[in-house]
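Student: Okay, sequence plus prediction incoming.
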Amino acid sequence: MVGYTSVGSELKVLINSDESTASKAVQFTLATINLFNFIEPPLAFYDFENIYSQSQWQRKCQWFSDFLSHQIPDIVGFQEVFSPNALQALALENGLPHFVVIDKPTLIKDYIYQSPVVALASRFPIVEVAGVEPDTQLVAAMGLSSNFSFSRKVLRATVAMPHIGECDCYVVHFKSKRPGLALDAAEIDALKNTDTKLNAEPLLLTEQALGRWASTMQRGAEAALLYHAILKRRQDTSKPVILMGDFNDTLSMGALDALNMRGESIHGNDIKAAGLGALSDAALAKRFTHYQLTDAFELFIEANLFVEENHADNTDYYRQHRSATHYYGPKGSVLDYILLSNEFDARDGASLAQVTDYQTCDRHLVRPEFERDAYSTDHAPIVVEITLRS
């Protein structure tokens, strides 16, 4: 696999030096791509002025087609889909005949749409499709509004992967960091007419502070409620799990803590209260790892760097130099992820496969060329190679 830009590709040259062995391995490739307003003209996104010309639309489709033909992924999660039919046709042209979407964008007026959806395309058959809904009892227990819902509906597609079997693939696009609280005229007047009247500047800052925190709470609730749904499904079926998408936050931030849950982070008294106190540390760890999700980047560096003499130093170096998937001005962040269950963790005795390559395809962000990249995306797609363990 040849990458656009990737720490992973550099390491793979060192690790898989035996090409004859590598070529015999059974490999699969996963990708997640934020399509950045993928909408076919004459439809518009958000505003009547946001309509691609036919030339612009063709260039946008060509960029993604080139990406798919170059990377040859087997399963792809898409975000920001306004035109699923056009995307399905593009996927089919690139060897991905199985395509699912479980929601549709919202028509605002005439030809103007908002609320794009997620989708999944696969080279392998999709045997079951569902939208993930938050558990209403947990919504109430968390003190959330009774009408709480995911900001974008979460897609779960069960894919029949060769040698691995049926695998549950989730595609998400969590709530963005943009202010998620709009004060109405009466609420604004109330802030203006309090004893400490607010002028335009502090009023705007107040709105932004409240709105951003509202977005963080929504994103955190989405992550926790989705994790619960994944746990329930995992308990019932034991199918391997792939969770991919635009998380709109870094995994290290508190809002996404639910997706980082580990048994060792749970207090001993809580473990005893759950009736698990009699288990040995090894047995307890085995129970918990069955339900853990791990960042594919972490699985890649752990599986492929342990042979180095200075293991800790090497892994820390690659963590610190991980490529961003999105830039806000000059500041880069990792917002796009592929998380995997322990069947893909080489360190786990239950593993079926391991991560042998990880790529952040960011050439269009860090070295853009107008003719090639002008209508691409503002996110870097993530591509992960999975190799079946012998």
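Tutor: Structure received.

Student: Now name the helix or strand holding the nearest residue to residue 60 once chain neighbours are set aside.
Tutor: Counting by CB to CB, 6 or more residues apart in numbering, residue 60 lies nearest to residue 375, which is 3.9 Å off, once chain neighbours are set aside. All C-beta atoms are positioned from the backbone trio N, CA, C, and that covers glycine. Of the helices and strands defined by DSSP states H and E, none includes residue 375.

Student: my guess is residue 375 contacts residue 64, does it?
Tutor: No: the criterion here is CB atoms under 8 Å, and residue 375 misses it with residue 64 at 9.7 Å.

Student: Looking at those two, which is more packed in?
Tutor: A side-by-side neighbour count of residue 375 and residue 64, using other CB atoms under 10 Å, places residue 64 first with 23 against 20.

Student: For the more buried one, give its distance to residue 362.
Tutor: Residue 64 sits 15 Å away from residue 362 when distances are taken as CB to CB, to the nearest Å.

Student: again with residue 146
Tutor: For residue 146, the distance to residue 362 - CB to CB - is 41 Å.

Student: more crowded one of those two?
Tutor: The residue with more neighbours, out of residue 146 and residue 362, is residue 362; 23 against 7, by other CB under 10 Å.

Student: What number of residues are in the vicinity of the closest residue to the more buried one other than its chain neighbours?
Tutor: In space, and not counting its chain neighbours, residue 362 is closest to residue 380: 3.8 Å by CB to CB, 6+ apart. Other residues within reach of residue 380, judged by other CB under 10 Å, total 29.

Student: what stretches of the stretch 1-150 of the chain score poorly on pLDDT?
Tutor: 1-24 (pLDDT under 70).

Student: which residues in it form strands?
Tutor: 27-38, 44-45, 75-81, 98-101, 106-109, 112-114, 117-122, 126-132 (DSSP state E, counting those that start in this stretch).

Student: and residue 178, which of those strands is closest to it?
Tutor: Taking CB to CB, strand 112-114 is the member of the strands of the stretch 1-150 of the chain nearest to residue 178, at 12.9 Å.

Student: Pull the distance from the helix ranked longest in the chain to the chain's centre.
Tutor: Ranked by number of residues, the top helix in the chain under DSSP state H is helix 200-237. In terms of CA atoms, centre = their mean, to the nearest Å, the centre of helix 200-237 is found 15 Å from the chain centre.

Student: tell me which residues of it are tucked away?
Tutor: Neighbour-count burial for helix 200-237, counted by 16 or more other CB atoms under 10 Å, picks out 207, 210-211, 215-227, 229-231, 233-234.

Student: now do stretch 342-351
Tutor: 342, 343, 344, 345, 346, 348, 351.

Student: Could you do stretch 374-384 as well?
Tutor: 375, 376, 377, 379, 380, 381, 382, 383, 384.

Student: For that stretch, measure first residue to last.
Tutor: End-to-end distance for stretch 374-384: 25 Å, by CA to CA, to the nearest Å.

Student: what does stretch 267-279 give?
Tutor: This stretch, stretch 267-279, spans 14 Å end to end (CA to CA).

Student: got a list of what the nearest residue to residue 78 once chain neighbours are set aside touches?
Tutor: Leaving aside its sequence neighbours, residue 78 sits nearest to residue 119 (CB to CB, 6+ apart; 4.5 Å). Applying CB atoms under 8 Å, 6 or more residues apart in numbering to residue 119 gives the contacts 77, 78, 81, 84, 87, 88, 99, 100, 101, 155, 171.

Student: Quick check: bridge partners of residue 119?
Tutor: residue 78, residue 101 (DSSP bridges).

Student: next one: residue 382
Tutor: Applying DSSP bridges, one finds that residue 382 bridges with residue 32, residue 360.

Student: I'd say it and residue 29 touch.
Tutor: No: look at residue 382 against residue 29 with CB under 8 Å: they stay out of range, at 11.0 Å.

Student: Report the central residue of this structure.
Tutor: residue 245 (2.0 Å; CA atoms, centre = their mean).

Student: Now for residue 382 and residue 29: what residues contact both?
Tutor: Common neighbours of residue 382 and residue 29 (CB under 8 Å, 6+ apart) do not exist.

Student: The stretch 151-300 of the chain: helices as residue ranges?
Tutor: Counting by DSSP state H, counting those that start in this stretch, one finds helices in the stretch 151-300 of the chain at the ranges 185-192, 200-237, 268-273, 281-289, 296-305.

Student: Show the low-confidence segments of the stretch 201-350 of the chain, by residue range.
Tutor: Judged by pLDDT under 70, the stretches of the stretch 201-350 of the chain that qualify are 305-313.

Student: swap the cut-off to 90 and go again
Tutor: Applying pLDDT under 90 to the stretch 201-350 of the chain flags residues 201-216, 252-255, 260-268, 270-272, 274-275, 277-289, 302-321, 328-330, 347, 349-350.

Student: could I get the strands of the stretch 1-150 of the chain as CSV with distance to residue 251?
Tutor: What follows is those, written out as CSV (distance: least, CB to CB, whole Å):
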stretch, distance to residue 251
strand 27-38, 14
strand 44-45, 28
strand 75-81, 17
strand 98-101, 26
strand 106-109, 29
strand 112-114, 28
strand 117-122, 19
strand 126-132, 19
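
Student: Packed most tightly, which of those would that be?
Tutor: strand 75-81 (a mean of 28; mean count of other CB atoms under 10 Å).

Student: so it versus strand 126-132, what angle?
Tutor: 40 degrees (axes from the mean of the first three to the mean of the last three CA atoms, to 10 degrees).

Student: What is strand 75-81 packed up against?
Tutor: strand 27-38, helix 84-93, strand 117-122, strand 154-161, strand 165-173, strand 241-246 (3 or more CB pairs under 8 Å, 6 or more residues apart in numbering; DSSP states H and E).
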